[in-house]
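K.L.:
Sequence first, then the predicted structure, then my questions.
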Amino acid sequence: RLYRLAAEQGDATGQLDYALCFVHGNGVKQDDGLGVHWLRLAADQNHVLAQYHMGNVHFLGRGVPRDDREATRWCRLAAEQGHAVS
């Protein structure tokens, strides 16, 4: 509930946390589409972990069509902010 409130108020970390609840089905019904929706909002605010996860969902095709080019773009954005795994 707190993640949802933070996400709806535009908090990027709250959006990421809420997104991951949907991606993994933690406390909510698993829904990749809603997960990607909230991930995108956080990633568009330059949240590095959200950008990394956007790369993963595009690489795996979870909630979006599989797209290596888009996966690379998101991971590159995360890497440019210092995310070592990206």
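P.N.:
Great, that's in hand.
K.L.:
in what helix or strand does the closest residue to Val28 other than its chain neighbours lie?
P.N.:
Excluding its sequence neighbours, the residue lying closest to Val28 (C-beta to C-beta, 6 or more residues apart in numbering) is Cys21, at 5.2 Å. Glycine gets a C-beta too; all of them are placed from N, C-alpha and C. Assigned by DSSP states H and E, Cys21 falls within helix 12-24.
K.L.:
for Gly82, same thing?
P.N.:
Assigned by DSSP H and E, Gly82 belongs to no helix or strand.
K.L.:
Also Pro65?
P.N.:
Per DSSP H and E, there is no helix or strand for Pro65.
K.L.:
what about it, distance to Val36?
P.N.:
Going from Pro65 to Val36 by C-beta to C-beta, to the nearest Å gives 11 Å.
K.L.:
of the two, who's got more company?
P.N.:
A direct count of neighbours by other C-beta atoms under 10 Å for Pro65 and Val36 places Val36 higher, at 21 against 7.
K.L.:
from memory the more buried one sits against Ala19, does it?
P.N.:
Yes: with contact defined as C-beta atoms under 8 Å, Val36 reaches Ala19; the gap is 7.4 Å.
K.L.:
which residues in this protein form strands?
P.N.:
Shown for the chain, no strands are assigned by DSSP state E.
K.L.:
could you say what helices and strands the helix or strand bottoming out on mean pLDDT in the chain packs with?
P.N.:
The weakest-scoring helix or strand in the chain, judged by mean pLDDT, DSSP states H and E, is helix 2-8 (a mean of 94). Counting contacts by 3 or more C-beta pairs under 8 Å, 6 or more residues apart in numbering; DSSP states H and E, helix 2-8 packs against helix 12-24.
K.L.:
how far is the helix it packs on from where the chain is centred?
P.N.:
7 Å (C-alpha atoms, centre = their mean, to the nearest Å).
K.L.:
For that helix, report the contacting residues that lie outside it.
P.N.:
Among residues not part of helix 12-24, those counted as contacts by C-beta atoms under 8 Å, 6 or more residues apart in numbering are 2-7, 26-28, 30-32, 34-39, 41-42, 45-47, 49-50, 53, 57, 62-63.
K.L.:
Which of those residues fall in helices?
P.N.:
Of the positions in the contacts of helix 12-24, 2-7, 32, 34-39, 41-42, 49-50, 53, 57 sit in helices, assigned by DSSP state H.
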